[in-house]
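just to be clear, the model below is a prediction. Sequence and coordinates:
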Amino acid sequence: MGVLGGTPRKIVEDGRYPAPSPDGKRLAYVSFGETIDIANADGTGARQIAAVRGAQYPQWSPDGRWLAYTAGSLFDTYQISIIDPDGKNQRPLTSFATGSIFCAAWLPGGRRIIFAYNPSPAPDGADLLSVSVDGGEIRRLTLIPKGAFTSCNLSADGKRLVGQLRKRTERFGRHRWERIGNQGTRRSPSTGPRLGADVDPSLASRNAAVQQSGHRHS
């Protein structure tokens, strides 16, 4: 569909979590929840690059050389992995013992990936972390006592972090996003720094490391 509206046109069958490539020529998506596929932007030339049970959130690296994605289920702990567009060099970046992951996005430079991670079964706590694609080192970016980031992304210029924060009580952040039933989201005022505050690509390297045990975070 065009940005000004019009009649929707089906591009691929049962394509979930669509992710356009940085050059706009390719589209990565999850097919039937079991495979990661890549097609041309118009839906032609679709091909499977990996069979991944419970795959979610495929995201292209800024240079288009890698795809990051999450995968997991009720019985398999969610992890962050990467793979190249040819379906080669697939490898996990995390090894959490427990927990869930709710989003993923690349930081500028393509060396780290941010994601929202909840180490426990409780659905009301998920902080933003980042992981290195080089060695899997994990860093904490936020510490929210009672709240969960349910989405995360970067602005087009890569300088601002945008996230949807679901909270029950305290109001953290000058702007927070709240879910209003099934009707979408709204932005409400608060005090303190903005959730969409400027992102310094070196931020991750200045935060304490997070152990991948699913039990302790520093």
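Looks like it arrived, so ask away.

C-alpha from now on. contacts and neighbour counts both.
Will do.

domains of this protein?
Under automatic domain parsing, the residue ranges defining each domain of the chain are 9-92, 96-210.

now the ones you listed in CSV, with mean pLDDT and mean neighbour count?
Formatted as CSV, the domains of the chain follow (pLDDT from 0 to 100; neighbours: other Cα atoms under 10 Å):
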stretch, mean pLDDT, mean neighbour count
domain 9-92, 93, 18
domain 96-210, 68, 17
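
list the contacts of the most centrally placed residue in the chain.
A centroid search over the chain (Cα atoms, centre = their mean) returns residue 104, at 1.4 Å, as the residue closest to the centre. For residue 104, the residues meeting the contact criterion (Cα atoms under 8 Å, 6 or more residues apart in numbering) are 57-59, 68-70, 113-116, 151-153.

figure out the helix or strand that it lives in.
Here residue 104, judged by DSSP states H and E, is contained in strand 100-106.

strand partners (parallel or antiparallel) of that strand?
Sheet neighbours of strand 100-106, with direction, are listed as strand 112-118 (antiparallel) (DSSP bridges).

so after the strand it pairs with, what's the next helix or strand?
On the C-terminal side of strand 112-118, the closest following helix or strand by DSSP H and E is strand 125-132.

strand 112-118 and that following strand, what's the angle between them?
160 degrees (axes from the mean of the first three to the mean of the last three Cα atoms, to 10 degrees).

which strand or helix spans residue 76?
Here residue 76 is assigned to no helix or strand, by DSSP H and E.

where's it relative to residue 98, distance?
When distances are taken as Cα to Cα, to the nearest Å, residue 76 and residue 98 turn out to be 8 Å apart.

do residue 31 as well
Taken as Cα to Cα, the span from residue 31 to residue 98 is 25 Å.

who does residue 103 bridge with?
Residue 103 forms beta bridges with residue 116, as assigned by DSSP bridges.

repeat for residue 30
In this structure, residue 30 bridges to residue 16, residue 36 when assessed by DSSP bridges.

which ones are touching it?
15-18, 36-37, 55-56, 58.
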